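what follows is a protein structure lacking sequence information:
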C-alpha cells in the first residue's frame, strides 16, 4: 500500500518534502492509535485510509479517505503541529479529537507513529 501511495504522489508531483505515509484505519485502530471515527464502526475501518504527510518541519497534515462504496470520498484534512501534540501529552491528555470531532486518536501512540517515520 505504501509503495503505490508514494508512486501516485510522484506521478502527481505532490510529493511532500518531509514524507508521506498511508495507513488503513483498521491498522491504526489495531495499534491503538485510532480510537474512533464518528458514523463508522471498527468493522468498516478497512475501507478507510488515512495519510500523514509533512511539507514543513513539525507540521503534519492528516487526511481521511472513505472508500466504503467503491468511490473515494475525501474528508477534510487537518494540520497537526508537533508542539501542540507534545503540549497535550505533557498535560496528560490521553486522546485528541481531530476533524472537528469526527475522529479521536491516542496522542502518545500517534506521536510514536509519527516519530517512527
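Structure's in. What do you need? The shown structure was predicted, so the numbers you read here are calculated from the model rather than taken from an experiment.

which stretches in the protein count as strands?
20-24, 34-37, 48-56, 59-66, 73-81, 95-98, 103-106 (DSSP state E).

how far away is residue 86 from residue 34?
20 Å (Cβ to Cβ, to the nearest Å). C-betas here are computed from N, CA, C, even on glycine.

what about these two, which has more around it?
Set side by side, residue 86 and residue 34 show more neighbours around residue 34, with 26 against 13, by other Cβ atoms under 10 Å.

so what's the more buried one closest to, chain neighbours aside?
residue 28 (3.9 Å; Cβ to Cβ, 6 or more residues apart in numbering).

ok, residue 68 next?
residue 47 (4.6 Å).

tell me the contacts of that neighbour?
Going by Cβ atoms under 8 Å, 6 or more residues apart in numbering, residue 47 touches 66-68.

can you list the low-confidence ranges for this protein?
1-18, 69-72, 117 (pLDDT under 70).

recalculate using a threshold of 80.
For the chain, the stretches with pLDDT under 80 are 1-20, 67-76, 116-117.

for residue 46, see how far away residue 30 is.
According to Cβ to Cβ, residue 30 and residue 46 sit 10 Å apart.

before we move on, back to that, any idea which of the contacts of residue 47 is the one closest to residue 41?
Ranked by distance to residue 41 (Cβ to Cβ), the contacts of residue 47 are led by residue 68 at 11.0 Å.

who's in contact with the closest one?
Residue 68 touches 40, 44, 47-48, counting by Cβ under 8 Å, 6+ apart.

fine by me, thanks again.
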